[in-house]
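Visitor: generate a structure from the sequence data that follows.
(one chain, ligands or ions: 1)
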Amino acid sequence: MTNIRRRGLLLVLSSPSGAGKSTLSRRLLEKDPDITMSISTTTRSPRPGEVDGRDYHFVSVAEFERLVAEDGFLEHAKVFDNYYGTPAAPVEAALKQGKDILFDIDWQGTQQLAQKTKGDLVRIFILPPNKKELERRLKSRAQDSDEVVAKRMSKANQEISHWAEYDYVIINNDLEEAEQELFAILRAERLKRERQTGLVDFVKELMGEA
Ligand code: 5GP
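Guide: Next up is the predicted model:
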């Protein structure tokens with residue numbers, strides 16, 4: 001297949017926690033070599049199994065504030081009781097290489113990215129299939145205390161209320177189907193004419209004008 005050069009895109013996945021976003025992100029990263037994950041910086045403590053530099057860059061509040069002052073973040077926000085931010089430099093480097101970047105960020109971060117990136121942004125919101133399932137999934141996160149779970153539940157409604165600010169909505173009723181929908185969105189977005197920057201030369205050659 002002819003591979004036309006194209007501009008990288010920024011793929012944002014947001015959802016209330018418990019909608020299956022992390023599983024979908026992981027699957028996408030495993031199966032698609034052209035997309036790379038933006039690793040956020042956070043002031044929250046690592047959960048068991050989380051690795052610094054792989055899941056997040058875990059920093060102190062003072063360090064986070066220093067990075068904000070240095071303009072080191074593309075966006076940053078307070079989510080629950082912690083700070084989260086997207087380091088700017090790796091995103092810029094990946095885009096230059098024509099790589100797509102996946103962001104697992106909340107609605108606040110998505111709004112900030114939308115102001116900065118315009119045409120390169122593709123926003124997907126993931127919803128759980130129903131309220132009961134959302135509650136079940138939130139409760140089955142054994143790593144978090146009851147208090148944290150209760151907080152997440154009330155925060156879930158807050159996050160869901162921003163669904164209409166996204167370009168696509170996936171209802172995660174069935175993981176396989178949700179995954180296929182995610183792949184379909186990415187495929188179609190990559191084929192957008194304006195992202196295929198090498199098309200002009202390709203068509204010229206097709207028409208014998210090169
Ligand atoms: P968690 O603490 O469960 O890993 O993430 C909590 C929430 O913070 C999730 O909704 C996640 O999408 C969001 N989040 C993670 N990293 C960032 C970031 O860099 N910026 C923003 N705005 N939100 C983030």
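Visitor: give me the distance between the two termini of stretch 65-80.
Guide: As for stretch 65-80, its first-to-last residue distance stands at 17 Å under the measure Cα to Cα, to the nearest Å.
Visitor: now the terminal residues of stretch 154-170, how far apart.
Guide: Stretch 154-170 has its terminal residues 21 Å apart, counting by Cα to Cα.
Visitor: same question, stretch 4-11
Guide: In stretch 4-11, first residue to last residue: 20 Å (Cα to Cα).
Visitor: what do you get for stretch 58-75?
Guide: 16 Å.
Visitor: can you check stretch 114-124 too?
Guide: Counting by Cα to Cα, the length from the leading to the trailing residue of stretch 114-124 is 13 Å.
Visitor: hmm, residue 81 and residue 42 touching each other?
Guide: No: with contacts defined as Cβ atoms under 8 Å, residue 42 does not count as touching residue 81, sitting 11.2 Å away. In this view, the C-beta of every residue, glycine as well, is placed from N, C-alpha and C.
Visitor: looking at those two, which has the bigger crowd around it?
Guide: The residue with more neighbours, out of residue 42 and residue 81 and counting by other Cβ atoms under 10 Å, is residue 42; that gives 20 against 9.
Visitor: with the ligand as the reference, measure out to that one.
Guide: Separation of residue 42 from the ligand (Cβ to the nearest ligand atom, to the nearest Å) stands at 6 Å.
Visitor: ok, now which ones touch that residue?
Guide: Taking Cβ atoms under 8 Å, 6 or more residues apart in numbering as the definition of contact, the neighbours of residue 42 are 56, 57, 58, 59, 64, 82, 83, 84, 85.
Visitor: hey, what's the closest residue to the first one other than its chain neighbours bridged with?
Guide: Excluding the flanking residues, the one nearest residue 56 by Cβ to Cβ, 6 or more residues apart in numbering is residue 42, at 4.7 Å. Beta bridges link residue 42 to residue 58, residue 84, judged by DSSP bridges.
Visitor: quick one on the thing from earlier: out of the contacts of residue 42, which end up buried?
Guide: Buried residues within the contacts of residue 42, defined by neighbour count using 16 or more other Cβ atoms under 10 Å: 56, 57, 58, 59, 64, 83, 84, 85.
Visitor: out of the residues you listed, which touch the ligand?
Guide: 84, 85 (Cβ under 6 Å from any ligand atom).
Visitor: want to throw the buried ones among the contacts of residue 42 into TSV with pLDDT and distance to residue 13?
Guide: Rendered in TSV, the data for the buried ones among the contacts of residue 42 read as follows (pLDDT from 0 to 100; distance: Cβ to Cβ, whole Å):
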residue	pLDDT	distance to residue 13
56	97	16
57	98	19
58	98	21
59	98	23
64	98	23
83	98	20
84	98	14
85	98	17
